[in-house]
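>>> Can you look at this prediction? I've put the sequence above it.
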Amino acid sequence: MASNYPILPEKLLLISLKMYFTPERTLTYLRELLKPSNEIVHPANRNKLLLALIPDFLTIWPCAQILKEYEATLTTDTAQSTPPFLLGAQDCFWEPQGAYTGEVSPASIRALGCTIVELGHAERRSIFNESDDQTARKAAATCAQHMVPLVCVGEVTAPGPVVSQAVGQAVTECAVLVRAVLAAIPDDAPVIFAYEPVWAIGQPKPAGVDHVAAVVQGIRAVIGARPGTARVLYGGSAGPGLWGKGGLGHAVDGMFLGRFAHEIDGVREVVREVEETLAVA
Ligand SMILES: O=C(CO)COP(=O)(O)O
């Protein structure tokens, strides 16, 4: 049923709000992202560059309503099977329903309008002890609902002075979860890996471009050829100034933004930088 999966464009810019915003701020933020006068989302570019918001669970439903209203204002293009703006969830359980108090069903997440489920984030691994096996099971459950798993991978320790060793160590650490997830999901299912070095999350600056480019190349080699689309993004203090000349644009399929997307101006700057390298509107 590969045709039921969303089509992933060349470039993706994803924003996770983690647990930073109040519900009111999340809804105001999404409205601002979509406002045509803010020039952030260009629906015509969706087959080249897609944006997605990953709010907390509580605001998925009202965000989906806002997106529905927004899509109704656009001229319909039946040839496009991908919406102009995607919605994601920050986690899910590996079963679709049952006696699992406090967990969130991937089937419900899908029913509310999400197409992406973020899994295995460093914070879930370090604070909630989430394992590779659990993340892989959640990825399979996500694909079973025809959504795209967004799997976070990244080495824990900051690189030492020997560059080649640091890259090899990072790829080795990332490969464990990459392989576990690929073994758990159908070959034709689209998947996104966010390379997020743990030591670069929540910092003033992202990881160095050369390090990211080399590790992402290693991750792509681990993924290898598969029928389903696989995109590899960078996350970890990513923001304006990281994509353009001499930046990550040549090395990754997009970015996973956290704090540096909290202000609309920051998102606009990042979108502009990506658009310049794509030569789109
Ligand atoms: O963890 C991240 C995205 O999932 C990155 O967060 P920051 O950009 O705030 O470091």
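Looks like it arrived, so ask away.
>>> closest point of the stretch 151-281 of the chain to the ligand, which residue?
Minimum separation of the stretch 151-281 of the chain from the ligand (CB to the nearest ligand atom) falls at Gly258, amounting to 2.3 Å. For the C-beta atoms, the positions are set from N, CA and C on the backbone; glycine is no exception.
>>> With the ligand as the reference, measure out to the residue lying closest to that residue once chain neighbours are set aside.
Leaving out its chain neighbours, the residue that sits closest to Gly258 by CB to CB, 6 or more residues apart in numbering is Ser16, at 6.0 Å. Plainly put, Ser16 is 4 Å away from the ligand if you go by CB to the nearest ligand atom, to the nearest Å.
>>> what does Glu95 give?
In terms of CB to the nearest ligand atom, Glu95 sits 25 Å off from the ligand.
>>> which ones are touching that residue?
Counting by CB atoms under 8 Å, 6 or more residues apart in numbering, Glu95 touches 103, 105, 141.
>>> Now do the same contact list for Trp68.
Just to correct that, residue 68 is Lys rather than Trp. Contacts for Lys68 (CB under 8 Å, 6+ apart) come out as Gly113.
>>> For it, give its distance to Ile54.
18 Å (CB to CB, to the nearest Å).
>>> now Val41
15 Å.
>>> Out of the contacts of Glu95, which comes closest to Leu50?
Of all these, Leu50 sits closest to Ala141, with 22.8 Å by CB to CB.
>>> Can you list the neighbours in contact with stretch 219-234?
By CB under 8 Å, 6+ apart, stretch 219-234 touches 2, 5, 7-8, 12, 14, 153, 171, 174-175, 178-179, 182, 185-196, 206-207, 212, 216, 242, 248, 251-256.
>>> hey, where'd the strands end up in the stretch 51-200 of the chain?
Assigned by DSSP state E, counting those that start in this stretch, the strands in the stretch 51-200 of the chain fall at 85-89, 116-119, 148-153, 191-195.
>>> picking up where we left off before, what count of nearby residues applies to the residue of the stretch 151-281 of the chain closest to the ligand?
Gly258 has 21 neighbours, counted by other CB atoms under 10 Å.
>>> what does Asp188 give?
If you count neighbours by other CB under 10 Å, Asp188 ends up with 14.
>>> Check His146 too.
16.
>>> Check Leu30 too.
So Leu30, with other CB under 10 Å, has 22 neighbours.
>>> how about the helices of the stretch 1-150 of the chain, start to end?
Ranges of helices within the stretch 1-150 of the chain are 23-34, 60-72, 106-111, 122-128, 132-144, based on DSSP state H, counting those that start in this stretch.
>>> Report the rounded mean pLDDT for the first one.
The predicted model assigns helix 23-34 a mean pLDDT of 98.
>>> before we move on, what about the shortest one?
For helix 106-111, the mean per-residue pLDDT is 98.
>>> near the ligand, which residues of the stretch 51-200 of the chain show up?
Listed as neighbours of the ligand in the stretch 51-200 of the chain under the rule CB under 6 Å from any ligand atom: 121, 196.
>>> Pull out the buried residues from the longest helix seen in the chain.
Across the chain, the longest stretch assigned as helix under DSSP state H is helix 163-184. By neighbour count on 16 or more other CB atoms under 10 Å, the buried set for helix 163-184 is 166-167, 169-171, 173-175, 177-178, 180-182, 184.
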